[in-house]
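> here is a sequence with its predicted model. Questions after.
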Amino acid sequence: MASFLQRLKKGLARSRQGLVRMFPGGKASELSEHEWQDIEDALVMADCGVELAVRLVANARKSKGSAVEALRMSMRSMLPDAVPVARPAHGPFVLLVVGVNGTGKTTTIGKLATLYTRQGKRVLVGAADTFRAAAIDQLAVWVERAGADLVRQHPGADPAAVAYDTVQRGLARGYDVVIIDTAGRVQTDKGLMDELAKVRRVVAKAQEGAPHEVWQVVDGGTGQNAVVQVQKFREVAGTTGLIVTKLDGTAKGGIVLQLADRFGLPVRYIGVGEALEDLMPFDADAFVESLLPDTITAE
Ligand SMILES: Nc1nc2c(ncn2[C@@H]2O[C@H](COP(=O)(O)OP(=O)(O)OP(=O)(O)O)[C@@H](O)[C@H]2O)c(=O)[nH]1
Ligand SMILES: [Mg+2]
């Protein structure tokens with residue numbers, strides 16, 4: 001069985017390749033002006049964003065010694081330290097999951113529900129994406145596989161009503177965890193963003209202190225648009241954490257650094273594939289290590 005770090009490196013392989021290439025042969029040596037410029041360009045290509053790429057390199061260049069190590073420390077310093085997930089004083093932990101269409105919300109909820117039930121927790125999931133019958137069925141399959149329970153209504157039902165019912169039932173029946181799936185929506189769609197704000201409001205009415213966390217699922221391959229997505233969802237839904245998926249399919253893993261740096265939001269999980277174990281808990285040290293050449297053993 002591959003170690004956590006091995007699996008992470010494999011999942012981030014495409015992003016890693018772009019950066020590893022910048023350190024040919026002697027990774028511990030001093031770099032020239034031109035080489036640092038190339039590294040800055042590689043960071044921009046990896047979707048760190050221009051402003052952050054410049055800052056990362058300027059920071060790294062202040063340290064003496066190995067360039068890889070200097071860049072690793074510079075990247076690590078942009079990621080917030082781990083903060084514990086919010087816990088309720090009473091009743092279930094209520095998690096609202098939001099994001100743009102197709103980013104991986106429903107599959108991620110399926111995986112999270114599985115992780116929680118495996119920890120012995122009783123999990124209730126609400127199908128507040130009521131637009132398509134297929135969306136409800138997709139969630140139902142995941143929830144059954146996870147050994148969790150589902151609250152669903154007919155397609156076209158009011159998403160806020162489903163969310164309210166789910167939280168109330170979770171509280172009344174003593175569940176440990178309640179997770180609400182929501183429909184994907186583009187952040188510029190005022191009507192759907194208002195609807196999301198309403199879902200959040202009714203969840204807060206159904207249980208004091210809820211939602212304890214609001215996690216936005218972002219597609220890691222989205223590019224710079226991810227920044228406005230997170231900005232707008234945070235404004236409307238009060239995002240408290242991020243899950244960045246599909247990092248296996250992209251060389252743009254630097255987006256994780258850019259989002260964490262810009263918004264100071266904890267990254268809770270990253271998705272590096274479609275299987276259950278491909279939803280990996282985010283570890284800042286391991287993430288940064290996985291993006292850069294290995295200084296200990298030759299590659
Ligand atoms: N390669 C890869 N695929 C992923 C990852 N996470 C999710 N997917 C795939 O992305 C696709 C969309 O996932 P969904 O969970 O349906 O996305 P969603 O956000 O619920 O979509 P809507 O409800 O339509 O907004 C599915 O085929 C998932 O298997 C990942 O980390 N890597
Ligand atoms: Mg979905």
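Looks like it came in fine. Ligands and ions are numbered 1, 2, ... in the order given.
> name the element the residue in the chain that ligand 2 sits nearest to belongs to?
For the chain and ligand 2, the shortest gap (CB to the ion) falls at residue 106, measuring 3.2 Å. C-beta coordinates here come from the backbone N, C-alpha and C atoms, glycine included. Element membership for residue 106, per DSSP states H and E: helix 105-118.
> so what pLDDT did the residue sitting furthest away from the middle of the chain get?
Distance from the C-alpha centroid of the chain, by CA atoms, centre = their mean, peaks at residue 32 (35.4 Å). Per-residue confidence (pLDDT) for residue 32: 88.
> that one and residue 41, how far apart?
Counting by CB to CB, to the nearest Å, the gap from residue 32 to residue 41 is 14 Å.
> for the residue most central in space within the chain, helix, strand, or coil?
Nearest to the mean C-alpha position of the chain, by CA atoms, centre = their mean, lies residue 243 at 1.0 Å. Here residue 243 takes the strand state, with states given by DSSP: H, G, I helix; E, B strand; the rest coil.
> quick one, what contacts it?
Shown in contact with residue 243 (CB atoms under 8 Å, 6 or more residues apart in numbering): 104, 108, 215-218, 267-271, 279.
> circling back: I'd like the average pLDDT over the helix holding residue 106.
Across helix 105-118, pLDDT averages out at 98.
> ok, the residue of the stretch 51-200 of the chain found nearest ligand 1 - contacts?
Closest residue of the stretch 51-200 of the chain to ligand 1, CB to the nearest ligand atom: residue 184 (2.1 Å). Each residue near residue 184 by CB under 8 Å, 6+ apart is listed here: 99-103, 105, 129.
> same deal with residue 99?
Applying CB under 8 Å, 6+ apart to residue 99 gives the contacts 105, 184, 216-218, 229, 233.
> do that again at 7 Å, thanks
Counting by CB atoms under 7 Å, 6 or more residues apart in numbering, residue 99 makes contact with 105, 184, 216-218, 233.
> kindly report the same for residue 226.
Going by CB under 7 Å, 6+ apart, residue 226 touches 218, 255, 259.
> my guess is the second one contacts residue 47. True?
Yes - the criterion here is CB atoms under 7 Å, and residue 255 meets it with residue 47 at 4.3 Å.
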